[in-house]
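K.L.:
Pasting the sequence and the predicted coordinates here, then a few questions.
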Amino acid sequence: MSTHPAVPLKERIRHAIADEALIQAVKKTTDKLEGGKLSSSEALGNWEQWREQGNRIRSHVVAHLDYYLGQFIENVKKRGGHVHVADNAKQAVEIFLQIAKGKNAKSVLKSKSMVSEEVHVNKALEDNGVKVIESDLGEYIIQLFGEAPSHIIVPAIHKNRFQIADKFSEIAGEQLTHDTPTLTAFARQVLRKEFLEADIGVSGSNFAIAESGSIVMFTNEGNGRMVTTLPPVHVAFMGMERLLPSFEDLETFVNLLPRSATGQKITSYVSVINGARQEGDLDGAQEFHVIIVDNGRTNILGDEEFQEVLNCIRCGACLNVCPVYRHIGGHAYGDVYPGPIGAVITPLLKNDFETWGDLPYASSLCGACTEACPVQIPLHDMLVKLRAKKVRLGLTPGWERTAFRAWKGMFGKANRYKLSIKAAQMMIPFLAKEGYIEKGPLNMMGWTHARHFPSPAKQTFRDQWERISGELKGGGNHE
Ligand code: SF4
């Protein structure tokens with residue numbers, strides 16, 4: 001499969017950029033999301049101060065994670081909830097399977113949860129004969145296609161209406177029109193029945209409030225509320241870092257998250273769940289479980305270079321502005337988190353630079369991701385540091401190490417540097433046509449495969465400098 005991590009990153013990228021429908025669909029939606037973010041953040045005012053505040057709160061939580069986790073767990077238990085801590089994906093899935101077996105569950109209904117995608121809970125359930133239904137529209141679409149999400153917020157971003165209409169028509173047994181109301185009405189009609197029949201509801205958790213043991217979800221479709229209230233058991237998956245100390249801190253993220261994610265002032269629903277149904281409550285699950293997932297996060301805790309990446313609130317804004325993501329979509333990254341955040345966090349969570357160490361190279365290092373991040377994570381700096389780490393681990397190809405040694409030898413001495421530049425200049429007439437190199441040699445081929453490379457200036461900066469300073473000394477005029 002072209003998106004499998006065993007397939008080299010370059011090949012995955014080649015496959016993605018050959019898919020014109022994917023590029024058009026991703027561009028259309030990321031343009032819309034980015035435009036919405038710019039106008040809604042401007043309308044809020046003092047956006048930089050909000051970002052600073054977001055960074056302060058998240059950095060504080062991550063620095064005191066043991067304290068806030070302890071407080072959160074204690075408060076969930078006080079309200080009668082069950083807390084499970086999973087060291088890794090396998091454990092998280094086992095815990096969930098145990099809950100499902102204990103309830104003799106036949107069907108599980110999910111709202112959007114990236115952590116559940118991270119631990120691959122759907123496959124494990126299906127392998128154990130449990131039916132899994134995704135109720136978020138985007139997730140439902142990709143489930144029908146048998147694919148993984150390709151965006152943190154908009155999982156089916158790479159699909160257009162025509163592709164979705166064809167897929168829904170297969171299920172409906174009749175040709176549906178490709179207008180949005182018809183497609184959403186169809187999904188609604190199919191999913192309604194599932195809400196009433198599910199044995200367990202699964203949700204994610206955008207934030208968890210330590211002072212009360214609550215989980216908070218930002219949703220737009222209303223499915224989150226049904227998933228967490230209709231089935232008798234509610235299981236929430238949560239990355240261990242997703243805590244906020246108090247409701248007061250939530251205010252900052254009510255402002256930052258929806259604006260950064262979808263350009264909305266606020267999502268249609270902001271749900272706070274304080275555990276299972278209590279006496280006198282009109283609705284709610286009878287049993288509430290939280291699965292707190294580590295799965296590599298403690299690899300990052302305490303690492304001075306990378307700890308700040310745990311501040312991430314999974315808004316997806318860095319994806320929408322990334323020129324690489326916008327051209328290849330999410331699947332080419334090979335794992336659940338795509339874009340700049342994925343390129344940083346995937347090798348760190350997996351602590352595997354041999355398989356995932358190429359991801360930090362999927363960036364132009366333009367810095368747009370850092371600028372877009374609502375909690376000021378210096379993503380492009382981290383991408384450079386991860387590249388350096390890969391070099392330190394000796395995982396770069398032998399030819400690259402030889403090339404850099406040769407480059408160092410050449411550029412380390414002024415006379416050799418001048419000689420190499422002269423040699424390169426002699427090559428230009430053979431390579432450049434009308435100011436551009438259309439077919440570059442060796443590694444430059446990767447660049448010129450997709451666009452022309454501007455021909456270097458005929459005179460180097462040093463030559464020009466020498467000429468100008470010579471003329472100045474000789475009293476020349478340089479107007
Ligand atoms: S790194 Fe920042 S911009 Fe990217 S998803 Fe996380 S919070 Fe959003």
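P.N.:
Structure received. Numbering: from 1, shown residues only.

K.L.:
which residues touch the closest residue in space to residue 223 that isn't next to it in sequence?
P.N.:
Distance criterion Cβ to Cβ, 6 or more residues apart in numbering; nearest residue to residue 223, sequence neighbours excluded, is residue 135 at 4.1 Å. Every residue, glycine included, has its C-beta placed from N, CA and C. Residues in contact with residue 135 (Cβ atoms under 8 Å, 6 or more residues apart in numbering) are 109-111, 191, 194-195, 221, 223, 226-227.

K.L.:
let's see it at 6 Å
P.N.:
109, 111, 191, 223, 227 (Cβ atoms under 6 Å, 6 or more residues apart in numbering).

K.L.:
Now do the last one: how many residues are near it, please.
P.N.:
What that stands for is residue 227. Number of residues near residue 227 (other Cβ atoms under 10 Å) recorded here: 30.

K.L.:
same check, this time on the fourth one
P.N.:
For residue 223, the tally of surrounding residues (other Cβ under 10 Å) stands at 26.

K.L.:
just checking, it touches residue 113?
P.N.:
No - contact criterion Cβ atoms under 6 Å: residue 223 and residue 113 do not qualify, at 11.7 Å.

K.L.:
just checking, what packs against the least confident helix or strand in the chain by mean pLDDT?
P.N.:
Of all helical and strand segments in the chain, the minimum by mean pLDDT, DSSP states H and E falls on helix 444-448, at a mean of 81. Using 3 or more Cβ pairs under 6 Å, 6 or more residues apart in numbering; DSSP states H and E as the contact test, no helix or strand touches helix 444-448.

K.L.:
what does it contact?
P.N.:
439-440, 453.

K.L.:
again, 8 Å this time
P.N.:
Contacts of helix 444-448 (Cβ under 8 Å, 6+ apart): 437-440, 453.

K.L.:
average pLDDT for stretch 146-165?
P.N.:
What stretch 146-165 shows for mean pLDDT is 96.

K.L.:
Stretch 300-315 too?
P.N.:
Averaging the model's pLDDT scores along stretch 300-315 yields 97.

K.L.:
and what of stretch 183-190?
P.N.:
On average, stretch 183-190 scores 93.

K.L.:
where along the stretch 1-150 of the chain do the strands fall?
P.N.:
Listed in chain order, the strands of the stretch 1-150 of the chain (DSSP state E, counting those that start in this stretch) span 82-86, 107-110, 131-134.

K.L.:
repeat for the stretch 351-479 of the chain
P.N.:
Under DSSP E, counting those that start in this stretch, the stretch 351-479 of the chain gives strands at 432-433, 436-437, 453-454.

K.L.:
swap in the stretch 151-300 of the chain?
P.N.:
So, for the stretch 151-300 of the chain - with DSSP E, counting those that start in this stretch - the strands run 200-203, 207-209, 214-219, 233-239, 243-244, 269-273, 287-293.

K.L.:
Appreciated, that's everything.
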